[in-house]
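Q: okay, predicted coordinates and the sequence, questions at the end:
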Amino acid sequence: MSTKKSAKLKLEKNSKSDESGVVNTGSKFELSKIKVFFQEVKSEFLKVAWPDKKHTFATAGVVVVLVIMISFYLGTVDLLLGKLIGYVIN
């Protein structure tokens, strides 16, 4: 019973009415908070040290080469193990 009372008190504290008579239920989506959030996001993006084009292409090339090498390795291992299991079953 005490939890119901405390929940009711919290609800009453959060639901304050303004001058227009509209009840504010503690909405998380206030326009001023959203504006501040996007200003902070913009300032954080300005702090990021973005890589140059040459570095980006070099690292992307390394990733592509490694993916191709690993896919050939795993394909070969899969083929060999499949044939080995086929010989064991027969």
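A: Ah, there it is.

Q: what pLDDT does residue 50 get?
A: You'll see residue 50 listed with a pLDDT of 89.

Q: what's the neighbour count on it?
A: Each residue near residue 50 was counted by other CB atoms under 10 Å, and the total is 7. C-beta coordinates here come from the backbone N, C-alpha and C atoms, glycine included.

Q: confirm that it sits in a helix.
A: No. With DSSP: H, G, I helix; E, B strand; the rest coil as the criterion, residue 50 is assigned coil and is not in a helix.

Q: could you check how far it is from residue 34?
A: Taking CB to CB, to the nearest Å as the measure, residue 50 falls 26 Å from residue 34.

Q: do residue 45 as well
A: 17 Å.

Q: show me what the helix or strand where residue 44 lies is packed up against.
A: Residue 44 is located in helix 31-47, with elements delineated by DSSP states H and E. For helix 31-47, there is no helix or strand it packs on, judged by 3 or more CB pairs under 8 Å, 6 or more residues apart in numbering; DSSP states H and E.

Q: and that helix, C-alpha only, in PDB?
A: Listed next in PDB are the C-alpha coordinates belonging to helix 31-47 (Å, rounded to 0.1, in the frame of the first residue of the first chain):
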ATOM      1  CA  LEU A  31      12.000  21.900 -27.500                       C
ATOM      2  CA  SER A  32      14.700  23.700 -25.500                       C
ATOM      3  CA  LYS A  33      16.400  20.400 -24.500                       C
ATOM      4  CA  ILE A  34      16.300  19.200 -28.100                       C
ATOM      5  CA  LYS A  35      17.900  22.400 -29.300                       C
ATOM      6  CA  VAL A  36      20.700  22.100 -26.600                       C
ATOM      7  CA  PHE A  37      21.300  18.500 -27.600                       C
ATOM      8  CA  PHE A  38      21.900  19.300 -31.200                       C
ATOM      9  CA  GLN A  39      24.200  22.200 -30.300                       C
ATOM     10  CA  GLU A  40      26.200  19.900 -28.200                       C
ATOM     11  CA  VAL A  41      26.300  17.300 -31.000                       C
ATOM     12  CA  LYS A  42      27.600  20.000 -33.400                       C
ATOM     13  CA  SER A  43      30.300  21.100 -31.000                       C
ATOM     14  CA  GLU A  44      31.400  17.400 -30.500                       C
ATOM     15  CA  PHE A  45      31.600  16.900 -34.300                       C
ATOM     16  CA  LEU A  46      33.800  19.900 -34.600                       C
ATOM     17  CA  LYS A  47      36.200  18.300 -32.100                       C
END
